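Student: Task: produce atomic coordinates for the following.
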Amino acid sequence: MTDEVPGFRKIIYLSFPPETCGRPVVCNLAMLHNLSFNILKADISPRHEGSLTLEVSGREDDYRKGLSYLKENGVKITPASQKVFRDEDLCMHCGVCTSLCRTKALSVDMATRRVVFDVERCSACGMCTRVCPVHAMIVDMDDADELN
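Tutor: Numbers count the residues shown, from 1 in each chain. Predicted structure coming up:
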């Protein structure tokens, strides 16, 4: 498989119930659905409930089939962009968050000197929330907004 797959690219947040732990569900995205993925963040609780932030790329129809496969296997899917919010009233556009943003979802517009937040690039890593001096960046850990 090549390092870069042209076409469709999305960052998604996956929640795994205990019964899916130990099964190659994510690996099968590549094997069965011709998708490439990059693990951006992973966590497993002592009760074997897991969460994973993935950057998935490939053809859009393969992506849709892959999402269906995940859902059939009990995995809850949320776009990562729905996990992080910016309170526009609090943000003072200092730019501190941009230095830690690996996906470049947060950047400074040099013309306006304002911080731009591109939610589609956001991996929901939460680094921006740790450094924001006014707490304008918020990570929503509620999994209520499942991807359709």
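Student: excluding its backbone neighbours, what's nearest Glu88?
Tutor: Ala136 (7.8 Å; CB to CB, 6 or more residues apart in numbering). All C-beta atoms are positioned from the backbone trio N, CA, C, and that covers glycine.
Student: Now do the residue located most distally from the centre of the chain, the pLDDT please.
Tutor: In the chain, the residue that sits farthest from the middle, by CA atoms, centre = their mean, is Ala111; the gap is 28.4 Å. In this model, Ala111 is scored at 96, pLDDT.
Student: From Ile39, how far out is it?
Tutor: 35 Å (CB to CB, to the nearest Å).
Student: swap in Cys125?
Tutor: Separation of Cys125 from Ile39 (CB to CB): 12 Å.
Student: Are there residues contacting both of these two? Which ones?
Tutor: Thr53 (CB atoms under 8 Å, 6 or more residues apart in numbering).
Student: more neighbours, the two?
Tutor: Counted by other CB atoms under 10 Å, Cys125 and Ile39 do not tie: Cys125 has more neighbours, with 20 against 10.
Student: is it true that Asn34 touches Ser57?
Tutor: No. Using CB atoms under 8 Å, Asn34 makes no contact with Ser57, being 10.5 Å away.
Student: Looking at these two, which one has more neighbours?
Tutor: Applying other CB under 10 Å to Asn34 and Ser57 shows that Ser57 carries more neighbours, namely 19 against 16.
Student: and whichever helix or strand the more buried one is part of, what does it pack onto?
Tutor: For Ser57, the host element (DSSP states H and E) is strand 50-58. Where contact means 3 or more CB pairs under 8 Å, 6 or more residues apart in numbering; DSSP states H and E, strand 50-58 is packed against strand 8-16, strand 36-44, helix 60-72.
Student: Out of these, which one sits most buried?
Tutor: Mean neighbour count (mean count of other CB atoms under 10 Å) peaks for strand 8-16 among the helices and strands packed on strand 50-58, with a mean of 20.
Student: So which elements touch it?
Tutor: strand 50-58, helix 60-72, strand 76-79.
Student: export the next helix or strand after it as CSV, just CAs?
Tutor: As assigned by DSSP H and E, the chain's next helix or strand after strand 8-16 is helix 27-33. Backbone C-alpha positions of helix 27-33 (Å, rounded to 0.1, in the frame of the first residue of the first chain) are rendered in CSV as follows:
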residue,chain,number,x,y,z
CYS,A,27,-7.1,-3.2,10.3
ASN,A,28,-10.0,-4.5,8.2
LEU,A,29,-10.6,-0.9,6.9
ALA,A,30,-7.4,-1.3,5.0
MET,A,31,-7.8,-5.0,4.1
LEU,A,32,-11.5,-5.1,3.2
HIS,A,33,-12.3,-1.6,2.2
